[in-house]
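Participant: this one's sequence-less:
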């Protein structure tokens, strides 16, 4: 009964490169959320996706960031032309339904370091 | 707008003593409230949640939290702290009405339990 899987766990990129973060939700979960945690801060919501649909991307920067959750395969958070300010821990969570009372279960995170 | 405040950056407790980690929230309408714990370089683990009903919620590892609507608080408690409870604790809120799915997190409180 695997939990939420994220890879890679650590990612180092130079400024201007692309970062691609993957998230596989818990088995049976079709709702995926991405959050970003800056050092010494709480988590900030970025985007909420269901299979093949972006439901809410209100927390995602308008430029350079994109997310997808295809019919098959993991959810991908993509950051183009990374800058030092993108260095953070990126967490993915999943839930069984979209109900407000549903618990979101978190993956171990991807720690992105931009040099 | 929704918000969560965790007024203490750090809480220090002696092992065996009771602990309280404070959380207050602001949300229009009724809230769903959550506590998560984060160990170093790990993802968030779900502890407990308040949905409706009994104001005292019991969760994992002996933790409990009390929902107080008049004070808009949801403090996390444990009768007897363990050294292994030392971690970063996050309170989160989600609005009940309106189909909002994103969690709004507090900045976190670092709990240090001393032997």
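Facilitator: Perfect, I can see it now. Worth saying up front: this structure is predicted, and the values here are computed from it rather than measured.
Participant: got the end-to-end distance for stretch B:6-23?
Facilitator: 5 Å (CA to CA, to the nearest Å).
Participant: Show the contacting residues for residue B:6.
Facilitator: B:21, B:22, B:23, B:89, B:90, B:91, B:106, B:107, B:108, B:109 (CB atoms under 8 Å, 6 or more residues apart in numbering or on different chains). Every C-beta, even on glycine, is put in place using the N, C-alpha and C of the backbone.
Participant: The helix or strand harbouring the fifth one pairs with which strands, and in what direction?
Facilitator: What that stands for is residue B:90. Assessed by DSSP states H and E, residue B:90 sits inside strand B:87-95. Strand B:87-95 has these partner strands in its sheet, going by DSSP bridges: strand B:31-38 (antiparallel), strand B:104-105 (antiparallel), strand B:109-114 (antiparallel).
Participant: Tell me which of those strands sits nearest to residue A:6.
Facilitator: strand B:31-38 (14.3 Å; CB to CB).
Participant: Show residues contacting the following helix or strand past the closest one.
Facilitator: Following strand B:31-38 in sequence order, the next helix or strand is strand B:44-50 (DSSP H and E). Applying CB under 8 Å, 6+ apart, the contact partners of strand B:44-50 are A:43, A:91, A:93, A:101, A:103-106, B:31-39, B:57-61, B:63-65, B:67, B:74, B:76, B:89-90.
Participant: my guess is residue A:88 contacts residue A:112, does it?
Facilitator: Yes: Residue A:88 is in contact with residue A:112 according to CB atoms under 8 Å; the separation is 6.2 Å.
Participant: about what we covered before: turn the strands paired with strand B:87-95 into CSV, columns for mean pLDDT, distance to residue B:81 and mean neighbour count.
Facilitator: Compiled in CSV, the strands paired with strand B:87-95 are given as follows (pLDDT from 0 to 100; distance: least, CB to CB, whole Å; neighbours: other CB atoms under 10 Å in any protein chain shown):
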stretch, mean pLDDT, distance to residue B:81, mean neighbour count
strand B:31-38, 94, 13, 24
strand B:104-105, 92, 23, 23
strand B:109-114, 96, 5, 17
